[in-house]
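Participant: need a structure here:
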Amino acid sequence: MIIAQISDTHLTLDPGDADGERRIKDFERAIADINALDPAPDVIVHTGDIVHNGQQDEYARASEILSKATAPVYVIPGNKDERANLKSAFPDIATLCADSPFVDYAVEDFPIRLIFLDTLNPGSNKGDFCAARAERFRALAKAGDERPIAVFAHHPPFEVDVGPDPMHFDDPQAMTRLREALQQSEKVTGLFCGHV
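Facilitator: Modelled structure (predicted):
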């Protein structure tokens with residue numbers, strides 16, 4: 001199975017923002033490059049910070065760009081995203097997590113089960129993974145068959161020595177909770193993160 005991962009596009013539509021215009025062009029080019037891959041990916045995953053300000057018009061533009069992908073696209077929120085606007089722009093994703101207050105869900109359509117986790121902590125650049133999210137992940141992991149699981153999250157549940165702060169969760173216990181939840185499932189074979 002081939003997975004193409006995109007992350008941290010930080011799309012913005014601020015008028016006169018040259019960096020914002022470059023981000024849009026880079027995002028469009030990334031999708032065109034992925035579409036041209038041979039062999040083609042089975043799936044494209046955006047691991048968060050899709051947009052920069054969480055605004056509906058930004059999501060509309062991001063959705064328009066992602067709609068040009070030839071492979072199925074799945075998204076999760078990053079620290080710059082806003083859950084309600086993300087769900088509104090991606091109704092198929094909203095359906096997959098309709099029974100959750102978070103944007104967390106499983107996709108069963110591939111040789112590897114894909115589980116998407118929400119580490120968004122509104123108002124903070126750092127992540128969160130509360131007990132409710134940990135329990136939800138455990139239920140998603142147990143619900144499937146014996147296929148291996150690839151997990152996607154925005155914030156990495158370990159220290160990363162890039163940037164001013166190696167910790168990417170406000171509460172170290174939340175980071176530990178995510179790491180331990182992942183380790184408790186013997187079927188998890190890979191973790192793909194964004195943010196750093």
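
Participant: The chain: strands as residue ranges?
Facilitator: 3-6, 43-46, 73-75, 105-107, 113-116, 149-153, 188-193 (DSSP state E).

Participant: Contact partners for the closest residue to residue 28 other than its chain neighbours?
Facilitator: Leaving aside its chain neighbours, residue 28 sits nearest to residue 65 (5.6 Å; criterion: C-beta to C-beta, 6 or more residues apart in numbering). Glycine gets a C-beta too; all of them are placed from N, C-alpha and C. By C-beta atoms under 8 Å, 6 or more residues apart in numbering, the contact list for residue 65 reads 11, 24, 27, 28, 31.

Participant: Surely the last one and residue 66 touch.
Facilitator: The reference is to residue 31. Yes. Counting by C-beta atoms under 8 Å, residue 31 does reach residue 66; the two are 6.8 Å apart.

Participant: Check residue 34 and give its pLDDT.
Facilitator: Looking at residue 34, its pLDDT reads 98.

Participant: Give me the neighbour count for it.
Facilitator: Counted with other C-beta atoms under 10 Å, residues neighbouring residue 34 total 19.

Participant: what do you get for residue 164?
Facilitator: 4.

Participant: if I look at it, how far off is residue 196?
Facilitator: 12 Å (C-beta to C-beta, to the nearest Å).

Participant: Count the residues that sit near residue 186.
Facilitator: Residues near residue 186, counting by other C-beta under 10 Å, number 10.

Participant: Please determine how far it is located from residue 119.
Facilitator: Counting by C-beta to C-beta, the gap from residue 186 to residue 119 is 22 Å.

Participant: C-alpha coordinates for the lengthiest helix in the chain, PDB please?
Facilitator: If you go by DSSP state H, the chain has its longest helix at helix 18-35. Extracted in PDB, the C-alpha atoms of helix 18-35 (Å, rounded to 0.1, in the frame of the first residue of the first chain):
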ATOM      1  CA  ALA A  18       2.700  36.900  -0.800                       C
ATOM      2  CA  ASP A  19       3.500  34.000   1.500                       C
ATOM      3  CA  GLY A  20      -0.100  33.000   1.400                       C
ATOM      4  CA  GLU A  21      -0.200  33.000  -2.400                       C
ATOM      5  CA  ARG A  22       3.000  30.900  -2.400                       C
ATOM      6  CA  ARG A  23       1.400  28.400  -0.100                       C
ATOM      7  CA  ILE A  24      -1.600  28.000  -2.400                       C
ATOM      8  CA  LYS A  25       0.600  27.400  -5.400                       C
ATOM      9  CA  ASP A  26       2.800  25.000  -3.400                       C
ATOM     10  CA  PHE A  27      -0.300  23.100  -2.300                       C
ATOM     11  CA  GLU A  28      -1.600  22.900  -5.900                       C
ATOM     12  CA  ARG A  29       1.800  21.700  -7.100                       C
ATOM     13  CA  ALA A  30       2.000  19.100  -4.400                       C
ATOM     14  CA  ILE A  31      -1.400  17.600  -5.400                       C
ATOM     15  CA  ALA A  32      -0.300  17.700  -9.100                       C
ATOM     16  CA  ASP A  33       3.000  16.000  -8.300                       C
ATOM     17  CA  ILE A  34       1.200  13.300  -6.200                       C
ATOM     18  CA  ASN A  35      -1.300  12.700  -9.100                       C
END
